[in-house]
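*Asks:* Sequence isn't available, so here's the structure alone:
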């Protein structure tokens, strides 16, 4: 088979990746979560005012929920929101496009590392439909963008083995990646040390490399001095667990967290318990991949030519290991991509036998259909509650009638109800900036999320029944039908969730 024909076949995984990421795009995930809403509304505010939601002009870190999100995802979302409007699809476009490029880059990196185009092809097919990558590339998450940049950096590192100037391109890409996701800051430090060990002892090269590291790491250094980087680290750091534990227990927890990302049960059976980080019925990988993962690991460990892949596997879990979360997939997408290549190596080895090849193709087709059915139907039905479902539906009801009311009292169990309301309302950013007066007046952590007519608080009907011209949004326990009928309060609509229960009740006085 000619070289051109071989690489032309690579279009097939890309077509599959596009289909898997854009099919049923408006229905799965069933709603945006508060992080997606924050990305979208900040991009919307930048588009219309040049300022973020708090009124800061062109920031390099978005305060958001006082965790200071890196800026790259927000800025890249601006053109999509300009042409598509502020909605569920536009806010996820950066992630979905990044996910497609990620499939291509996994094929490229796998081929460069193994010098085997078949490993790249199989890796591409896997990356197109594996549960972990499909879940994250369909939702608006900056980790998918970060993974794409990481893979570009890795491709530069591989090419640098022959032409050292590519080390500088790798460092620059790693530096840009620190603007995409917090975990990339840990990877930047690891990559910087790796490059320094590879450039040799030549003084001029070391000085030049050090200068590039300082330049590329400028945004990260700026974040350390301004506190935006440390704000997120202080919130997620495993050091928060060290206060009330003996040192040997704390060290044991760190080690256990590291090895949890190599635990077959977590990878192929159980998956993550964190909301929005798994497909219903699936772990990060399909169970059929376990055998190939074992075979691939054995090959990687024994093959000296795969030393870079070994290093990649060893350091991949570090960003997640230093956080308090037990098994957080979103922080280790580069490691999961490495495992996909490992599985592709194992498959290439075993599938040389025709019988195994036919069986594999059959099982892969069945599992792909199964995964896609979970994406389209099962996950939206069972996990709608993990996605702050109901805000879009409520806004569609109350937006046309809000002019008839002086206040809107919204009781919500969610921690950040204001951002979802701003997002689905397409609330004018200029007006929101006036509503909050000034960002300096809002304490950290933020205690009140009220703006305009909206008041986010609990509803207490014995006292609230006396309020006039107020629109109430709450649950059936806060707004019981019998009490409303007695007070001659109109039930405008009950919002019914996918499983047939009343998620929100809307009533007006």
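*Replies:* Great, that's in hand. Values in this document were obtained by computation on a predicted structure and should not be read as measured data.
*Asks:* Tell me where the model's unsure across the chain.
*Replies:* 1-4, 7, 224-245, 247-250, 324, 353-357, 415, 437-447 (pLDDT under 70).
*Asks:* so where do the strands sit in it?
*Replies:* Assigned by DSSP state E, the chain shows strands spanning 407-410, 454-456, 470-474, 490-496, 502-508.
*Asks:* Packed most tightly, which of the ones you listed would that be?
*Replies:* Mean neighbour counts were taken over the strands of the chain using mean count of other C-beta atoms under 10 Å, and the top value, a mean of 23, falls to strand 470-474. Every residue, glycine included, has its C-beta placed from N, CA and C.
*Asks:* can you state the direction angle for that one and strand 490-496?
*Replies:* Taking axes from the mean of the first three to the mean of the last three C-alpha atoms, to 10 degrees, one finds that strand 470-474 is oriented at 30 degrees with respect to strand 490-496.
*Asks:* ok, residue 101 to residue 84 distance?
*Replies:* 19 Å (C-beta to C-beta, to the nearest Å).
*Asks:* the more surrounded of the two?
*Replies:* More crowded of residue 101 and residue 84, by other C-beta atoms under 10 Å: residue 101, with 19 against 12.
*Asks:* who's in contact with the residue lying closest to that one once chain neighbours are set aside?
*Replies:* Closest residue to residue 101 apart from its sequence neighbours, by C-beta to C-beta, 6 or more residues apart in numbering: residue 148 at 5.1 Å. With contact taken as C-beta atoms under 8 Å, 6 or more residues apart in numbering, residue 148 is in contact with 98, 99, 101, 102, 105.
*Asks:* What of residue 32?
*Replies:* 40, 88, 91, 92, 140, 387, 388, 420, 423.
*Asks:* one step back: got a markdown table for the strands of the chain, with distance to residue 155 too?
*Replies:* Formatted as a markdown table, the strands of the chain follow (distance: least, C-beta to C-beta, whole Å):
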| stretch | distance to residue 155 |
| --- | --- |
| strand 407-410 | 48 |
| strand 454-456 | 46 |
| strand 470-474 | 50 |
| strand 490-496 | 47 |
| strand 502-508 | 46 |
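*Asks:* Which of the ones you listed sits closest to residue 217?
*Replies:* Taking C-beta to C-beta, strand 454-456 is the member of those nearest to residue 217, at 39.5 Å.
*Asks:* What helices and strands are in contact with that closest one?
*Replies:* Counting contacts by 3 or more C-beta pairs under 8 Å, 6 or more residues apart in numbering; DSSP states H and E, strand 454-456 packs against strand 407-410, helix 417-425.
*Asks:* among these, which is nearest residue 66?
*Replies:* helix 417-425 (12.4 Å).
*Asks:* Run the chain-centre distance for the closest one.
*Replies:* 19 Å (C-alpha atoms, centre = their mean, to the nearest Å).
*Asks:* Which parts of it count as buried, going by neighbours?
*Replies:* Residues of helix 417-425 classed as buried: 417, 418, 419, 420, 421, 422, 423, 424, 425 (neighbour count, 16 or more other C-beta atoms under 10 Å).
*Asks:* next one: stretch 81-94
*Replies:* Using 16+ other C-beta under 10 Å as the test for burial, stretch 81-94 gives 81, 86, 87, 88, 90, 91, 92, 93, 94.
*Asks:* Give me the domain ranges for the chain.
*Replies:* 3-25+92-271+282-376, 391-508 (automatic domain parsing).
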